[in-house]
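Enquirer: give me coordinates for this.
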Amino acid sequence: MGTSKPSPRASTLTGTVAGRFVIVKLLGAGGMGQVYEAQDTKLKRVVAIKRMAPKLQQDERDRRRFLREAEQASALNHPNIAAIYDVIEEQDEILLVMEYVEGTPLRAVMQGKKSLSNDEFFNISVQGLEGLNAAHEKGILHGDIKPENIMLTPEARIKILDFGVARRFSMGRPDEATLTMATLSGAVNGTPAYMAPEVLMQKPYDGRADLFSMGLVYYEMLGGPQPFETDSIAGTMASVLHTEPPPIEQLNPKVPANVSSVVQTMLAEDPVQRCSTARDVLVDLRRVQEGEKPVFARGRVVRRAKFNWKMASALAAVALLVSAGLLLRGVIGNGPRGAGSLSQSGGERSATLVVLPFEAVSGDAKLTAFGNGLVDTLTAKLMQFGGNHPLQVVSGAEVRQKNVTGLGQARQEFGADTGLHLELQQSGDLVRVGYSLTDAKSGKVIKAATVDAPVTDPFTIEDEVAKGVAAALSFELRTDEKRELAFHGTSIPEAYNYYTQARGYLEDASKAASVDSAIILLGQALKADANYGRAEADLGSAYWQKYESSKDKTFIAKSRQACSKAVDLGNSGAAGHVCLGVIASGTGNYEKAVDQFQRAAQLEPTNEDALIGLGGAYESLGKPQEAENTYKKMVLRRPSYWRGYNLLGAFYLRQAQYDDAVKMFQKVIECTPESFRGHANMGAAYLYEAKYAEAIKPLEQSLATHPTADTYSNLGTAYYFQHRFNDAAQTYQKAIQLDDKDYLNWGNLGEALYLNGERPKSVAAFQKGIALAKENLAINPHDQQLLRSLANYHVMIGNRANAVKYLDQELAESRSDKQSLFDAAVVYNHLGDTGRALEWLGKALRAGFSRELVLQQPDLDNLHGDPRFKELLQRG
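Expert: Below you'll find the predicted structure:
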């Protein structure tokens, strides 16, 4: 059989010649490369040749370092170390020529035995430490001690393999150790289940890391299971960092207490608590073998509670607070709710008008619903004046959401300077509406009047009040405004009466019974007028509310059908398109959402629901500039109103533009200093800036005013990053009490429980979070936050395959989003793939992700000693 030189990256070297070595056969393969049996034609002996894996040869600096360290390791000459004879570079290959060791791997020796005998244990353990000590005294670290790398020859001699891929360290120079032990091509050299905590964290390390690994080998030799290994790298790393193996004597009573003490000292989490050198452990083992007590071993060292990984989803949950309820939960009518518009010209100062809750004197449920609806429809009418007059309007829905009952409170919450108060009373077939305009600062009544109208004429009530407000604020209605004021979408009073009552019920859409009542009343309105487009649009929104509260997919089809009919009728204004935009966004069809929201904005330029939806859809499509411009339009139209600043601040948070976000939330607080929202979002902004202590106060202020699940979740996150895991868990549980269907709340609880040492509860919480997230993902498979969370939760329960699957989906959807790039760095770091983690981190930094935030993320603590990490941050 002929032989040839190895061709570049041939699949096998069998039958080829490398230098003076004829490669005979493949012995095995692993992550570091292939191992062959070869014949040394000059010295007439059998050798082993290791062919290094391509991934370890891609970077020229890594190649040079590897060759240098292999040459240094070849200086080792000890009977318990498999020798390195030569290093060959040929055809872009790196080949290590090593001593061929005949024997049995220690792993095979241990298989089938509950434990090794005392004699076997001492024979193997002492020889192993003698080999380690010889290497360490020459400044050479192995880095991958495990049973597979220890051979037992027929003469019962131990040989430690693979010192050819060792790391050289400078005794007493941890800074140099960090550099020379840098990982090849970004991957930590070693097997995670046998790696010391400081190695996994990429902190400075020395020979004590090998002692930790050897201690794990001894632990198994004495009958213990591998204490850290799971079915994923991430889970294994978590176990190494957080799990304390029970003393081996508890698992195998035959193990002498002094032996257990030596092994347990080797497994100390903190290298300072281990023996200083292999020689010290060797002294102890020999003493114990002779029946004496060890002198260096400390026995069991209780591991301290330790923070290592952050929740990948925690900061994403912060963003939900500032955007929740503004897109998919807010569109339920024929025009913007909680919105006015502003046109400032000639230096005029705009008035901020709040429509306060009305009083139904009779307490009649039907009249109450009508009154709530009147507040809403009247607000929409008044808002239309803002395009040509200096007026801003706060909706009745916002007033009720904040439990505002008086004008003084409205002034604090919204910056309102004028209040409109309504009273309704019905007597027989007559409805009387009393209304008054009041100056918020002085309490002086600007105007008071009453409107009487038959029950069968709801149009007059709304129109006359709107005209009276315009007159009191001293602006004259234009012809087009009068025409719009007279337009109600229907000319049939009965239909409008039903419609107005339905609007009132939809203002309390958090109650299922209210939504059901609205659906019935809207059906009655459409029965009275089958061409009532706005009623169809609101019916579609009501069905969407049903879907959001129940997650019953049948309501999606009903919602889409009603909203499409509203558009087809051509008389629903922007409402039909807004409704279809909400459905498209909620089901992941963002291109269609942009189209629908643009159509809505063209029909009603002041419609804030259309602008909010449009901005959100642009974000989901990865078009941040278009999204920013959309939100800025809202600020420019209403510079004295909090909502535009709030939305723009939320956008800046999602774009990692933290300074800009803080400025926007400061504006929110200036506009509404007593509002829970401003304080809650300022707390969220501090969380994004990693100012966790500063975040607690505004979050607590917000909760004191208005407790919400989102704010509890964010407060829990602040506690979490301060390592107050018990407080964090309790706070997340409060969030779940308010909202047990939010997968993020369950995932955050799982993180806190995990680090608080409550592992079974943690797994249950993660599994609940995964189940809820998957339900949502079935509806919207393009939701990046869902994909991000699913990747993280699967990492935390040790499911690598699903973690990578969902991360890949998130990256496919992200379109260069800074947060998603950073997410990839975090997940791959959890998975132990340092090279890819650094690659994604570099992309995130180049895209503008905060350097300061990277430095403060505990997820990446293990990278701080890596020169490439430092270089990335310097460039970033």
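
Enquirer: pLDDT score assigned to N792?
Expert: On pLDDT, N792 comes in at 87.

Enquirer: for L845, same thing?
Expert: 88.

Enquirer: quick one, what contacts it?
Expert: 851, 854, 872-873, 875-876 (CB atoms under 8 Å, 6 or more residues apart in numbering). Any C-beta I mention is one placed from the backbone N, CA and C, and that applies to glycine too.

Enquirer: G798: which of the residues you listed is nearest?
Expert: Closest approach between these and G798, by CB to CB: V854, at 25.8 Å.

Enquirer: quickly find the element holding that closest one.
Expert: Here V854, judged by DSSP states H and E, is contained in helix 851-856.

Enquirer: C-alpha coordinates for that helix, CSV please?
Expert: The C-alpha coordinates for helix 851-856 follow below in CSV (Å, rounded to 0.1, in the frame of the first residue of the first chain):
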residue,chain,number,x,y,z
ARG,A,851,-20.2,49.9,26.7
GLU,A,852,-21.0,50.8,30.3
LEU,A,853,-23.9,48.4,30.4
VAL,A,854,-21.7,45.6,29.0
LEU,A,855,-19.2,46.1,31.8
GLN,A,856,-21.9,45.9,34.4
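
Enquirer: so how far is that helix off the chain centroid?
Expert: 16 Å (CA atoms, centre = their mean, to the nearest Å).

Enquirer: and what of stretch 434-453?
Expert: 49 Å.

Enquirer: give me the residues contacting it.
Expert: 407-408, 410-411, 416-423, 425, 430-433, 460-461, 464-465, 468-469, 471-473.

Enquirer: any of these buried? List them.
Expert: 407, 410-411, 416-422, 425, 431, 433, 461, 464-465, 468-469, 472-473 (16 or more other CB atoms under 10 Å).

Enquirer: tell me which entries of those residues lie within helices.
Expert: 407, 410-411, 461, 464-465, 468-469, 472 (DSSP state H).

Enquirer: can you lay out those as JSON lines showing distance to G504 and pLDDT?
Expert: Shown next, in JSON lines, are these (distance: CB to CB, whole Å; pLDDT from 0 to 100):
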{"residue": "L407", "distance to G504": "22", "pLDDT": "85"}
{"residue": "A410", "distance to G504": "20", "pLDDT": "81"}
{"residue": "R411", "distance to G504": "25", "pLDDT": "78"}
{"residue": "I461", "distance to G504": "14", "pLDDT": "80"}
{"residue": "E464", "distance to G504": "19", "pLDDT": "83"}
{"residue": "V465", "distance to G504": "16", "pLDDT": "81"}
{"residue": "G468", "distance to G504": "21", "pLDDT": "80"}
{"residue": "V469", "distance to G504": "20", "pLDDT": "80"}
{"residue": "A472", "distance to G504": "25", "pLDDT": "79"}
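
Enquirer: can you put those in CSV and add distance to G750?
Expert: Shown next, in CSV, are those (distance: CB to CB, whole Å):
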residue, distance to G750
L407, 45
A410, 41
R411, 43
I461, 53
E464, 57
V465, 52
G468, 56
V469, 52
A472, 56
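
Enquirer: what's the closest of these to T243?
Expert: Closest to T243, out of all of those and judged by CB to CB, is A410, at 55.2 Å.

Enquirer: hmm, P357 and that closest one touching each other?
Expert: No: if you go by CB atoms under 8 Å, A410 and P357 don't touch, sitting 10.2 Å apart.

Enquirer: that older thread, from the contacts of L845, pick the one nearest M52.
Expert: L872 (26.0 Å).

Enquirer: surely the closest one touches E839?
Expert: No: the pair L872 and E839 fails to qualify as a contact (CB under 8 Å) at a distance of 9.6 Å.

Enquirer: look up how far F725 lies from P197.
Expert: According to CB to CB, to the nearest Å, P197 and F725 sit 18 Å apart.

Enquirer: what of W544?
Expert: On the measure of CB to CB, W544 and F725 end up 38 Å apart.

Enquirer: so the protein: which segments form each domain?
Expert: 17-99, 104-289, 338-487, 677-875 (automatic domain parsing).

Enquirer: quickly, which of those bottoms out on average pLDDT?
Expert: domain 338-487 (a mean of 74).

Enquirer: closest to G489 among the ones in helices among the buried ones among the contacts of stretch 434-453?
Expert: I461 (15.7 Å).

Enquirer: tell me the contacts of F385?
Expert: So F385 contacts 391, 470, 475, 477, 481 (CB under 8 Å, 6+ apart).

Enquirer: restricted to strands, list those residues.
Expert: Among the contacts of F385, DSSP state E puts L391 in strands.

Enquirer: re the thing from before, now for the contacts of L845, which pair is the farthest apart?
Expert: Between all members of the contacts of L845, the farthest pair (by CB to CB) comes out as V854 and R875, at 12.1 Å.

Enquirer: the more surrounded of these two?
Expert: Using other CB atoms under 10 Å, the more surrounded residue of V854 and R875 is V854, with 21 against 10.

Enquirer: re earlier: overlap in contacts of A410 and P357?
Expert: Common neighbours of A410 and P357 (CB under 8 Å, 6+ apart) are 399, 404.

Enquirer: now the helices for the stretch 201-350 of the chain?
Expert: 207-221, 233-242, 248-251, 257-266, 278-289, 314-323 (DSSP state H, counting those that start in this stretch).

Enquirer: helix/strand/coil for I446?
Expert: strand (DSSP: H, G, I helix; E, B strand; the rest coil).

Enquirer: count of residues packed around it?
Expert: I446: 16 neighbours (other CB under 10 Å).

Enquirer: nearest residue to it in space, please, no chain neighbours.
Expert: Leaving out its chain neighbours, the residue that sits closest to I446 by CB to CB, 6 or more residues apart in numbering is L437, at 4.2 Å.

Enquirer: partners of the helix or strand that neighbour falls within, with directions?
Expert: Using DSSP H and E, L437 falls within strand 430-439. Strand 430-439 has these partner strands in its sheet, going by DSSP bridges: strand 418-427 (antiparallel), strand 445-454 (antiparallel).

Enquirer: just to revisit the earlier point, quick check on the contacts of F385: which are buried?
Expert: 391, 470, 475, 477, 481.

Enquirer: the second one contacts L477, correct?
Expert: Yes: under the criterion of CB under 8 Å, A470 is in contact with L477, at a separation of 5.5 Å.

Enquirer: picking that back up, dump the buried ones among the contacts of F385 to JSON lines, plus distance to G15.
Expert: Output for the buried ones among the contacts of F385, formatted as JSON lines (distance: CB to CB, whole Å):
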{"residue": "L391", "distance to G15": "88"}
{"residue": "A470", "distance to G15": "95"}
{"residue": "F475", "distance to G15": "95"}
{"residue": "L477", "distance to G15": "95"}
{"residue": "E481", "distance to G15": "91"}
